[in-house]
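# Here's a sequence, model it:
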Amino acid sequence: MSTPTSLLALDIGGTSMRAALMQAGQITRRAEVRTPKPSTPDAVIAAALELAAPLAPDAAAVGVACAGAVAAGRVTATAVHTFPGWTDIPLEGQIGAVLNLPCAALNDARAAAWGEYAAGAGRGTGEFMFITVSTGVGAGLVLGGRLHLAGNGLDAELGFVSVPAVWKRGAEVSPLGELGPLEFETSGTALGAQALALGLTDARALADAAESGDTQADLIYRRSAALIAWKIADIAALLGVTRVALGGSVGLRAGYLDRVRGSLGQFPPRYQPEVVHAELGADAGLIGAGLWAGRD
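Reported below is the predicted structural model:
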């Protein structure tokens with residue numbers, strides 16, 4: 001009997017779960033189901049195992065990308081309304097034990113960062129950052145060719161860094177003024193809420209209007225891009241990142257990339273890494289998780 005050489009990848013998200021078999025970094029088979037509601041640990045893990053089981057006999061290892069803070073293979077939800085009851089759940093151990101495969105689990109943004117670094121927009125770099133601007137803002141860092149993983153799961157939580165709060169009000173005022181998380185000001189969710197205030201339907205409509213010359217929409221759109229650019233410059237100054245890939249429904253828009261680049265151009269040249277679009281699309285997390293599991 002031959003030894004399996006494929007890698008199995010699982011991507012567990014708030015809306016859907018996907019499984020794939022990979023060979024040489026390419027997806028050869030895939031399957032997808034809706035994430036159970038409510039998304040309790042037992043329900044989600046059972047559904048993930050059912051999805052992955054038909055592919056497991058052909059795999060040598062399994063990699064799992066999952067939303068939330070992931071440390072030492074254990075998951076704690078950061079969006080508790082989406083994943084209720086997820087506190088220190090041993091996801092890596094449970095998936096690996098049932099499938100009888102070596103298992104490695106990563107936060108979904110970190111998995112996407114590794115996928116882009118190894119097989120997408122980050123190839124050829126040593127210091128690389130992936131940023132997704134979508135429902136929220138997520139990120140992953142590769143430094144010296146190594147994926148940055150912190151013991152507490154706060155590996156590259158760009159969406160949680162503080163910026164001046166304009167749209168999300170109500171925080172206690174600090175000596176620096178009113179502050180709030182970056183994603184509350186820049187994400188697709190934040191843009192969607194601001195779109196409604198302009199009489200537009202959602203973030204996509206706001207971006208369309210901004211790119212078509214609507215001045216009010218463009219002020220909001222540009223502010224989101226400028227705040228992302230500011231944090232990219234900070235990361236470049238702190239860690240020497242030389243290339244950044246933008247992904248997500250907002251980040252992949254050509255108009256958004258142009259505005260990020262424009263704002264970044266206001267910083268000194270040494271704080272201006274190359275900013276490009278991510279290449280792997282929705283498969284970045286799947287590919288990254290699989291490659292991470294098979295890296296040894």
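# can we go C-alpha only for contacts and neighbour counts from here?
Will do.
# what's L182 in contact with, if anything?
137, 158-163, 227 (CA atoms under 8 Å, 6 or more residues apart in numbering).
# Can you report phi and psi for the most centrally placed residue in the chain?
Nearest to the mean C-alpha position of the chain, by CA atoms, centre = their mean, lies A109 at 2.7 Å. The phi and psi torsions at A109 (degrees, to the nearest 10) take the values phi -70, psi -40.
# before we move on, what about Q272?
Main-chain torsions, Q272, degrees, to the nearest 10: phi -120, psi 80.
# what's it in contact with, if anything?
232-233, 236, 242, 264-265.
# Inside helices: which ones of the contacts of L182?
Residues of these located in helices (DSSP state H): L227.
# so where's the protein uncertain?
Counting by pLDDT under 70, the chain contains low-confidence ranges at 1-3, 167-177, 296.
# Please enumerate the strands of it.
Assigned by DSSP state E, the chain shows strands spanning 6-12, 16-23, 26-34, 59-66, 69-71, 74-76, 103-107, 128-133, 137-143, 146-147, 162-164, 179-181, 243-247, 274-277.
# Dump these to TSV, plus mean neighbour count and distance to E211.
Output for the strands of the chain, formatted as TSV (neighbours: other CA atoms under 10 Å; distance: least, CA to CA, whole Å):
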stretch	mean neighbour count	distance to E211
strand 6-12	29	32
strand 16-23	22	30
strand 26-34	15	33
strand 59-66	26	33
strand 69-71	24	35
strand 74-76	22	38
strand 103-107	28	32
strand 128-133	28	17
strand 137-143	24	21
strand 146-147	16	35
strand 162-164	17	25
strand 179-181	19	26
strand 243-247	25	18
strand 274-277	18	17
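# looking at those, which is closest to R259?
Across the strands of the chain, R259 has its closest neighbour in strand 274-277 (11.0 Å, CA to CA).
# Export that closest one to CSV, keeping only CA atoms.
Extracted C-alpha coordinates of strand 274-277, given in CSV (Å, rounded to 0.1, in the frame of the first residue of the first chain):
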residue,chain,number,x,y,z
GLU,A,274,5.5,47.5,-1.8
VAL,A,275,1.7,47.1,-1.6
VAL,A,276,0.0,44.6,-4.0
HIS,A,277,-3.1,42.6,-4.3
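# Given that strand, what are its sheet partners and their directions?
Sheet pairing of strand 274-277 (DSSP bridges) gives strand 243-247 (parallel).
# beta partners for T76?
Under the criterion used here (DSSP bridges), T76 is bridged to A69.
# so it touches T82, yeah?
No - here T76 does not reach T82: they are 11.8 Å apart, not a contact under CA atoms under 8 Å.
# Contacts only, for P36.
43-44, 47.
# at 7 Å instead, please
Neighbouring residues of P36 by CA atoms under 7 Å, 6 or more residues apart in numbering: 43-44.
# Helices of the protein, start to end?
41-52, 91-99, 108-119, 182-186, 188-197, 203-211, 215-239, 248-251, 254-264, 284-293.
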